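*Asks:* below: sequence and its predicted model.
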Amino acid sequence: MQRSLALLLVGAVALSGCGFRDSRVNPLNWFGGSDEVEVVETSGEPVNPLIPVQNRVSVFARPDAVDETVLVQSVTDMRVERTPTGAIVYATGIAARQGAYGVELRLDEADRDARTRDATLDFTFRAIYPDTRTALGSERTRTLRAAVSLSQQQLASVRSIRVVAAQNARESRR
């Protein structure tokens with residue numbers, strides 16, 4: 001009986017300390033309120049000490065990658081095939097000259113968040129050409145193919161898919 005009375009008394013005193021707004025015992029007041037202070041101006045740009053300075057020279061430092069891709073000359077064929085997880089977009093195009101490599105269907109910057117406002121996914125058909133001069137060649141030797149897989153989430157609000165090249169574009173609608 002006395003033990004429970006002592007615990008009840010200690011608990012009541014501790015709990016009553018939390019009830020006062022400006023009490024030091026109240027854990028909600030341990031860091032206190034905020035007061036307005038004068039701003040001290042520093043010279044130059046504001047510096048965040050947690051972000052490393054970009055001008056540092058390092059043994060392992062690499063320059064930023066430069067995008068060397070260009071649009072393929074034209075798109076000749078495009079098809080969309082349904083899969084259990086979404087769809088695959090296939091595109092065939094003609095390059096301006098022979099030797100193109102690194103072919104890709106790149107999602108347009110405006111559609112990166114996968115929520116298109118116009119319900120159209122735009123892809124650009126891009127390739128990298130060699131630095132050396134190459135022959136023009138026949139259309140058959142300049143044919144390029146690329147594909148990209150889309151998930152069901154990416155296709156949820158999409159009504160049409162467009163592949164854009166330098167001279168033309170092809171579109172497939174639902």
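*Replies:* Right, received. Where do you want to start?

*Asks:* now the longest helix along the chain: how far from the chain's centre is it?
*Replies:* Looking across the chain with DSSP state H, the single longest helix is helix 2-19. From the chain centre to the centre of helix 2-19 is a distance of 55 Å (C-alpha atoms, centre = their mean, to the nearest Å).

*Asks:* name the helices or strands packed onto the next helix or strand after it?
*Replies:* The helix or strand immediately downstream of helix 2-19 is strand 70-71, counting by DSSP states H and E. In terms of contacts (3 or more C-beta pairs under 8 Å, 6 or more residues apart in numbering; DSSP states H and E), strand 70-71 is packed against strand 120-128. Backbone N, C-alpha and C define where each C-beta goes, glycine included.

*Asks:* mind listing the strands the strand it packs on pairs with, and their directions?
*Replies:* Within its sheet, strand 120-128 is paired with strand 70-71 (antiparallel), strand 101-107 (antiparallel), strand 160-164 (parallel), according to DSSP bridges.

*Asks:* redo those strands as JSON lines? Include distance to residue 50.
*Replies:* Converted to JSON lines, those look like this (distance: least, C-beta to C-beta, whole Å):
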{"stretch": "strand 70-71", "distance to residue 50": "39"}
{"stretch": "strand 101-107", "distance to residue 50": "32"}
{"stretch": "strand 160-164", "distance to residue 50": "41"}
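
*Asks:* could you list the low-pLDDT ranges of this protein?
*Replies:* Flagging of the chain using pLDDT under 70 yields the residue ranges 17-47, 52-58, 110-117.

*Asks:* domains in it, by residue range?
*Replies:* Using automatic domain parsing, the domain parsing of the chain gives 1-30, 70-173.

*Asks:* highest average neighbour count across the ones you listed?
*Replies:* Per-stretch averages of neighbours, counted by mean count of other C-beta atoms under 10 Å, single out domain 70-173 among those, with a mean of 16.
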